[in-house]
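**Student:** structure for the following, please:
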Amino acid sequence: MTQLTHADVLILGGGLVGSALAVALDRHGLSSIVVDPADPAVTLTAGFDGRASAVASASHKMLDAIGVGTALAGKGCAIRQIRVSDGLAPGKLDFIPAAEDAALGTMYENRLLRAALYEAAMGAERVDLRMRTRAVSVERDAQGVRATLSSGAQVGADLLVAAEGRQSPTREAAGITVARWQYDHAAIIGAFHHERPHENIAYEIFYSSGPFALLPLPDDDIGHRSAIVWTVAGEHAAGMLKLGDRGFLAEAEKRMGGFLGALSHASPRASYPLGFHHAGRITDTRLVLVGDAAHGIHPIAGQGVNLGYRDVAALVEVLVEGRRLGLDAGDAQLLARYQNWRSLDTFMVAAATDTLTRLFGIPGKAASAVRRFGISAVDRLPPLKDRFMAEARGESGQLPKLLMGVMV
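**Tutor:** Next up, the predicted model:
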């Protein structure tokens, strides 16, 4: 008879959110089994994923608290200012924190985040990391969670966490309805070097075809460097990817108006379709959804991974406090608290990003003039700017302790 390995939590998906959850649970004395089909020998290589993420300051406090921040020291680039504009026309909106305040966030290449979290999970006493493995079958009932893995092993837990991404099969199997639509846009991602320093400024330049975001990265041996998230019409994505480096950089320089000088050394590029989805509920019997399994938004505000980290911080707090009351991790009372805590926040952020996407996508000179007027008006209202900066830092709403840098 195959022996059943049991943990407090079974996490399906060991990406940026799933692995952070496992490490955070370990630091609080809860055990987890993490199942992920990815091969670290592939996903941790430099060429695997050209994306970069803006980790909000609150999310970074959580990474610091659970011991991951040390491995990231010196590998990111602080975002000390965000500049928003409607094309290259006059009028801008600058978000500049006070000198004594923390940066708005830190840019990291995803592969560096992934490597730091993977190493932390590998070294964690209460994390059973099973890579190159899938869950073949999963059963959930009032008694607990049981799963058979592709390795033939059988595992059990008090709670199942789906951290599998946008196409979560666990969410679908649970019959959870999802509101979703496509934007008919694709994001071109990559990086390049530029002649002038970025001065730790993130730029969001809005065109009717979609936002053009420049995100500061650390300088390297070649010089100054930024990541790019360039939203284009879905039908144009393939053509953009076929452009040679010289043609791509020339098109990018046009969108930028040359304010960072000559561009060079374009990285390999990739594209992915943009869409919106929001789960009707994020819990079921002994099941919770986190990260993209629960919600997927347009990258217009750079909040995707941060919403996932808010899920992690809230779930850890709920489970740890439940443990102190003698409740197991799958108790319905705890899941109801998680549902109530996270549902409104994720919906509000998702609705705001969707509204911004549609507002800035309206073509025409009249619409552009209205947007520029609104941008200039907000720029002259410090209280409103402070509110936006709090959102960018991830410091709004009812914050879990981990997002304040405090262990639960």
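
**Student:** the longest strand in this structure is where?
**Tutor:** strand 178-194 (DSSP state E).

**Student:** helices or strands up against the helix or strand following it?
**Tutor:** Under the assignment DSSP states H and E, the closest C-terminal helix or strand after strand 178-194 is strand 201-207. Judged by 3 or more Cβ pairs under 8 Å, 6 or more residues apart in numbering; DSSP states H and E, strand 201-207 is in contact with strand 81-86, strand 210-217, helix 245-256. Every C-beta, even on glycine, is put in place using the N, C-alpha and C of the backbone.

**Student:** just name the shakiest helix or strand of this protein by mean pLDDT.
**Tutor:** In the chain, the helix or strand scored least confidently by mean pLDDT, DSSP states H and E is helix 365-379, which has a mean of 63.

**Student:** spatially nearest residue to the residue nearest to the spatial centre of the chain, not counting backbone neighbours?
**Tutor:** Nearest residue to the geometric centre of the chain (Cα atoms, centre = their mean): Val305, 1.2 Å. Once flanking residues are discounted, Val305 sits nearest to Ser53: 4.8 Å by Cβ to Cβ, 6 or more residues apart in numbering.

**Student:** and the host helix or strand of the residue nearest to the centre of the chain, what's buried?
**Tutor:** Counting by DSSP H and E, the element that carries Val305 is helix 304-324. The neighbour-count check on helix 304-324 (16 or more other Cβ atoms under 10 Å) flags 304-320, 322-323 as buried.

**Student:** one more: stretch 28-41?
**Tutor:** Quick answer for stretch 28-41 (16+ other Cβ under 10 Å): His28, Leu30, Ser31, Ser32, Ile33, Val34, Val35, Asp36, Ala38, Pro40.

**Student:** how much space between the first one and Met407?
**Tutor:** Pointing back at His28 there. From His28 across to Met407, the span is 7 Å (Cβ to Cβ, to the nearest Å).

**Student:** any chance of the buried residues of stretch 28-41 in CSV, plus pLDDT?
**Tutor:** CSV is the format used below for the buried residues of stretch 28-41 (pLDDT from 0 to 100):
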residue, pLDDT
His28, 98
Leu30, 98
Ser31, 98
Ser32, 98
Ile33, 98
Val34, 98
Val35, 98
Asp36, 97
Ala38, 94
Pro40, 91
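
**Student:** looking at these, which are in helices?
**Tutor:** Using DSSP state H, the subset of the buried residues of stretch 28-41 located in helices is Pro40.

**Student:** so which of the buried residues of stretch 28-41 comes closest to Leu249?
**Tutor:** Each of those was scored against Leu249 by Cβ to Cβ, and Ala38 proved nearest at 31.7 Å.

**Student:** ramachandran angles for the closest one?
**Tutor:** Dihedral pair for Ala38: phi -70, psi 150, per degrees, to the nearest 10.

**Student:** so Ala99, which of the three states?
**Tutor:** coil (DSSP: H, G, I helix; E, B strand; the rest coil).

**Student:** return the distance of it relative to Lys92.
**Tutor:** In terms of Cβ to Cβ, Ala99 sits 21 Å off from Lys92.
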